[in-house]
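Enquirer: missing the sequence, but the structure's below:
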């Protein structure tokens with residue numbers, strides 16, 4: 001039985017860094033499903049309410065739950081476009097889904113972005129266009145992560161939550 005972990009938040013909030021570090025910590029056969037990788041690299045498709053990545057993510061979770069102990073799904077996942085997808089994904093999982101929302105101020109996400117490899121791909125103007133203030137999905141009952149939460153403490157929290 002796979003354990004599903006969902007990490008959501010705005011660009012530059014720390015989701016991807018957390019997801020990669022968590023995958024490393026959880027070990028082999030941990031499936032990491034990254035919205036950006038699927039949308040930008042695999043499918044090269046636009047985001048939006050009927051984006052073609054939604055059925056792909058659902059199928060990846062469906063597959064992962066049969067062969068992986070852990071599935072990490074991470075991305076911005078705007079509420080109005082992805083809430084229904086998460087409802088379907090949660091129905092696929094037998095164990096409780098762990099969900100976390102990175103509620104980081106805009107200015108801090110911009111500062112963090114300056115430290116990333118993607119710094120030359122897009123800037124503050126694009127981040128402002130993509131910004132979704134407190135874009136919680138009520139169905140997910142997401143735990144809030146803030147700018148004060150360090151990567152190691154976030155990882156410890158998630159690992160502790162997995163054991164409960």
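Expert: In hand now; what should we look at? Treat the numbers as computed from the prediction; the structure is a model and nothing was measured.

Enquirer: so what pLDDT did the one residue sitting closest to the centre of the chain get?
Expert: Nearest residue to the geometric centre of the chain (C-alpha atoms, centre = their mean): residue 74, 1.8 Å. We have a pLDDT of 98 for residue 74.

Enquirer: what does residue 1 give?
Expert: So, for residue 1, pLDDT stands at 76.

Enquirer: follow-up on the earlier one: what residues are bridge-paired with the residue nearest to the centre of the chain?
Expert: Using DSSP bridges, the beta-bridge partners of residue 74 come out as residue 7, residue 34.

Enquirer: roughly how far apart are it and residue 21?
Expert: Distance, residue 74 to residue 21, by C-beta to C-beta, to the nearest Å: 11 Å. Glycine gets a C-beta too; all of them are placed from N, C-alpha and C.

Enquirer: swap in residue 96?
Expert: From residue 96 over to residue 21 (counting by C-beta to C-beta), the distance is 22 Å.

Enquirer: Next: residue 114.
Expert: Counting by C-beta to C-beta, the gap from residue 114 to residue 21 is 20 Å.

Enquirer: Might you report the residue contacts of residue 98?
Expert: When contacts are counted by C-beta atoms under 8 Å, 6 or more residues apart in numbering, residue 98 is found next to 3, 4, 5, 6, 143, 158, 161, 162.
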